[in-house]
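**Q** what follows is a protein structure lacking sequence information:
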């Protein structure tokens, strides 16, 4: 009698794709985050963060049986999801949005640079450094080259920098904790959203929401604060953090283009120059076999 073969896949799992495709899906969704945040800047930040994160966790509720994670892992998830978005929304309100977006998009560079410090067996090579610098230069040109810099210092740049560090360190530290199911991202979002709503109740004045507000918050929750997290987690578990970090430089370009459209400004040569730098950096940084340690399989 033949022995039964173990099933190749489990139901409700994300399909098997190249890790970079998962990352690109998350990046495409995150490109809409700044524009949505600016459009919803009249909503108190704790309330906006809480509602969007709770809504984003809803698709994972049927998989709640997979939410059993150690307390340290849950704390890391709250640190990443709650900390990053709260600081980003604060930055978008207290600094020029385009410039704050640039500072926030230091996180791909931080992922590349911090990977050797946080992940054992990782090391930077010249190609990584060159691609990271070129990618950030492209992001700077895309945002500042069209005259978007308003001049002057704003304290809102500090939370933007803090949000960048939080997301980079969270993305890398998920590889240091015990393996957890991607579905557990739903628990991170639900717990982070509940914490944010509690802060809203305690610290912010009540704010009435219109039907348009609910529609945009739902879009934010299901997209950049929902599906993007699951895609990003899958990419990090299957791919090379250095490659993914450099590929993430596509996000500031797309985000800036959307901000241009939302603000009604015209495109300029700087967007084309930025596209060449950013896409070139992504190609250089993600091509070739650059020594990496084996990656544990995580479901």
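**A** Sure thing, it's come through. This is a predicted model, so every value here is computed, not measured.

**Q** neighbouring contacts of the one helix or strand in the chain whose mean pLDDT sits lowest?
**A** Least confident helix or strand, the chain: helix 269-286 with a mean of 72, by mean pLDDT, DSSP states H and E. Residues outside helix 269-286 that contact it (Cβ atoms under 8 Å, 6 or more residues apart in numbering): 20, 112, 127-128, 130-132, 134-135, 137-139, 141-142, 144-146, 242-243, 245-247, 249-250, 252-253, 256-257, 260. In short, each C-beta sits where N, CA and C put it, glycine included.

**Q** what number of residues lie near the nearest residue to residue 207 once chain neighbours are set aside?
**A** Take residue 207 and drop its neighbours on the chain: the residue closest to it by Cβ to Cβ, 6 or more residues apart in numbering is residue 44, 5.3 Å away. By the criterion of other Cβ atoms under 10 Å, residue 44 has 18 neighbours.

**Q** phi and psi next, for residue 44.
**A** When read as degrees, to the nearest 10, the backbone of residue 44 gives phi -50, psi 140.

**Q** please shift the residue numbers so they start at 6 in all later answers.
**A** Done: numbering now begins at 6, and the last item shifts to residue 49.

**Q** for it, give me its contacts.
**A** Residue 49 neighbours (Cβ under 8 Å, 6+ apart): 205, 209, 210, 212.

**Q** what stretches of this protein score poorly on pLDDT?
**A** Along the chain, the parts satisfying pLDDT under 70 run over 6-22, 147-159, 247, 268-273, 276, 287-288, 290-304.

**Q** so where do the helices sit in it?
**A** For the chain, helices defined by DSSP state H occupy the ranges 24-35, 38-44, 50-62, 76-99, 102-109, 112-123, 131-149, 162-178, 190-208, 216-227, 233-243, 246-252, 255-268, 274-291.

**Q** of all the ones you listed, which lies closest to residue 69?
**A** Among the helices of the chain, helix 190-208 comes nearest to residue 69, with 7.5 Å by Cβ to Cβ.

**Q** these two touch, right, residue 46 and residue 97?
**A** Yes - using Cβ atoms under 8 Å, residue 46 is in contact with residue 97, at 6.3 Å.

**Q** higher neighbour count, these two?
**A** residue 97 (27 against 14).

**Q** any figure for the gap between that one and residue 267?
**A** 12 Å (Cβ to Cβ, to the nearest Å).

**Q** ok, now residue 221?
**A** For residue 221 relative to residue 267 (Cβ to Cβ), the value is 12 Å.

**Q** hey, what's in contact with both of those two?
**A** Among the neighbours of residue 221, those also in contact with residue 267 (Cβ under 8 Å, 6+ apart) are residue 44.

**Q** so what's in contact with residue 97 and residue 267 at the same time?
**A** Contacts common to residue 97 and residue 267, judged by Cβ under 8 Å, 6+ apart, are residue 43.

**Q** contacts for stretch 197-207?
**A** By Cβ under 8 Å, 6+ apart, the residues outside stretch 197-207 that reach it are 49, 51-52, 54-62, 82-83, 86-87, 91.

**Q** buried residues in that stretch?
**A** Buried positions in stretch 197-207, judged by neighbour count with 16 or more other Cβ atoms under 10 Å: 197, 198, 199, 200, 201, 202, 204, 205.

**Q** now the first one, nearest residue through space, not along the chain?
**A** This means residue 197. residue 87 (3.7 Å).

**Q** isn't the one you found up against residue 59?
**A** No - applying Cβ under 8 Å, one finds residue 87 not in contact with residue 59, separated by 11.5 Å.

**Q** who's more crowded, these two?
**A** Taking other Cβ under 10 Å, residue 87 and residue 59 do not tie; residue 87 has more neighbours (24 against 21).

**Q** any idea how far residue 74 is from that one?
**A** Residue 87 sits 16 Å away from residue 74 when distances are taken as Cβ to Cβ.

**Q** of residue 221 and residue 267, which one has the most company?
**A** Neighbour count, other Cβ under 10 Å: between residue 221 and residue 267, residue 221 has more, with 20 against 15.

**Q** so who does the more buried one touch?
**A** Listed by Cβ under 8 Å, 6+ apart, the contact partners of residue 221 are 41, 44, 45.

**Q** neighbour count and distance to residue 187 added to those, as a markdown table?
**A** A markdown table is the format used below for the contacts of residue 221 (neighbours: other Cβ atoms under 10 Å; distance: Cβ to Cβ, whole Å):
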| residue | neighbour count | distance to residue 187 |
| --- | --- | --- |
| 41 | 22 | 24 |
| 44 | 14 | 29 |
| 45 | 21 | 27 |
